[in-house]
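K.L.:
Mind folding the following:
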Amino acid sequence: MIVIKSDPEIAAMRRAGRVVAQAHEIVAGHVRPGVTTKQLDQLVEDFFRSQNAIPAFKGYNGYPATICASINEVVVHGIPNDVPLEEGWILSVDIGAFVDGFCGDSAWTYPVGRIDQEAQRLLDVTEKSLFLGIEKALVGNRISDISHQVQTFVESNGFSVVRDFVGHGIGRRMHEAPQIPNFGLPGRGPRLKSGMTLAIEPMVTAGNYYVEILPDNWTTVTVDGSWAAHFEHTIVVTNDGPDILTAVL
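P.N.:
All right, here's what the predicted structure looks like:
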């Protein structure tokens, strides 16, 4: 069942989204060669504690950290560690938090120092696909209108969208109905209504879309070793168009 949120519930989700956005600002200010993803994880955890926010990921099905930190060919769910970041890498950071009982969820992919032109193009296309998908989150459209918009743009630029992981509804739980694939034909799935809250999150690879999960049961990598980018916002569908809840105001 897709839960339509009331105005007070959306206000709470906006507060959660704001905390997540501020956490990304902190991460963005610290991503550089020599920093470790475990250090970034601690920064976000400390910030959440200062805001009385509860990490959405830590403890979720046993996940051990506050953020997901996915380097290069890691698509999603990379576990923070003590390996220093290196110049030229890319780092996808997924952050989720509960505030006042509601969840905000956002991911961003950051360059580590100077990156090459093709890596930058991967980031640019993935970020653009997110906002193009959000533009389709209109009352009366269907879920797959978002999916089709993302896939069409990504593939027109020579990249691939991951099929094994999808976006999702969000609210009192991090994952609610409906699922939001980043691929598919338009005009399918539930019709969008005002008050629906969605986490739209293109995951894009420079090679093909096949992925595998490593033995830690979390870290998900591209099978062909190609690099991947991940961008995500939590939004609410309104009669005036989509409203991003995890944007920095």
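
K.L.:
ok, how many other residues are close to I2?
P.N.:
17 (other Cβ atoms under 10 Å). To be clear about C-beta, it is placed using only N, CA and C from the backbone, and glycine gets the same treatment.

K.L.:
For it, list the residues it contacts.
P.N.:
I2 is in contact with G169, E176, A177, P178, P190, K193, M196, counting by Cβ atoms under 8 Å, 6 or more residues apart in numbering.

K.L.:
Next, give me the two most distant ones among these.
P.N.:
Using Cβ to Cβ, the contacts of I2 span at most 14.1 Å, a distance reached by E176 and K193.

K.L.:
Of those two, give the one with the bigger neighbour count.
P.N.:
A count of neighbours by other Cβ under 10 Å puts E176 above the other of E176 and K193, at 19 against 12.

K.L.:
measure that one to N81 for me?
P.N.:
30 Å (Cβ to Cβ, to the nearest Å).

K.L.:
and the longest helix belonging to the chain, what does it pack onto?
P.N.:
In the chain, taking DSSP state H as the definition, the longest helix is helix 7-28. Counting contacts by 3 or more Cβ pairs under 8 Å, 6 or more residues apart in numbering; DSSP states H and E, helix 7-28 packs against helix 37-50, strand 90-99, strand 102-111, strand 233-236.

K.L.:
rerun that using 10 Å as the cut-off
P.N.:
Counting contacts by 3 or more Cβ pairs under 10 Å, 6 or more residues apart in numbering; DSSP states H and E, helix 7-28 packs against helix 37-50, strand 67-71, strand 90-99, strand 102-111, strand 197-200, strand 233-236, strand 243-244.

K.L.:
To D124, which of those lies closest?
P.N.:
So among these, strand 102-111 is nearest, using Cβ to Cβ, at 10.2 Å.

K.L.:
in the helix or strand following the closest one, what counts as buried?
P.N.:
Going down the chain from strand 102-111, the next helix or strand is helix 117-135, by DSSP states H and E. Neighbour-count burial for helix 117-135 flags 119, 121-123, 125-134 (criterion: 16 or more other Cβ atoms under 10 Å).

K.L.:
correct me, but V248 touches E25?
P.N.:
Yes - the pair V248 / E25 is scored as a contact, 6.1 Å apart, by Cβ atoms under 10 Å.

K.L.:
The closest residue in space to W108 that isn't next to it in sequence: how many residues sit nearby?
P.N.:
Closest residue to W108 in three dimensions, ignoring its sequence neighbours and counting by Cβ to Cβ, 6 or more residues apart in numbering: H24, at 5.5 Å. Per other Cβ under 10 Å, the neighbour tally for H24 reads 20.

K.L.:
residues contacting H24?
P.N.:
V44, I67, V93, D94, I95, S106, A107, W108, Y110, T246, V248 (Cβ atoms under 10 Å, 6 or more residues apart in numbering).

K.L.:
swap in V162?
P.N.:
Counted by Cβ under 10 Å, 6+ apart, V162 has contacts 75-76, 154, 181-183, 201-205, 208-211, 220, 222, 228, 230.

K.L.:
Select from the residues you listed every entry located in helices.
P.N.:
V154.

K.L.:
What helix or strand is T152 located in?
P.N.:
Going by DSSP H and E, T152 is in helix 143-156.

K.L.:
Which strands or helices does that helix pack on?
P.N.:
helix 117-135, strand 160-161, strand 167-169, strand 176-180, strand 197-200, strand 203-205.

K.L.:
For these, give me CSV that also has distance to D7 and mean pLDDT.
P.N.:
Formatted as CSV, the helices and strands packed on helix 143-156 follow (distance: least, Cβ to Cβ, whole Å; pLDDT from 0 to 100):
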stretch, distance to D7, mean pLDDT
helix 117-135, 21, 98
strand 160-161, 34, 98
strand 167-169, 18, 98
strand 176-180, 18, 98
strand 197-200, 12, 99
strand 203-205, 32, 99
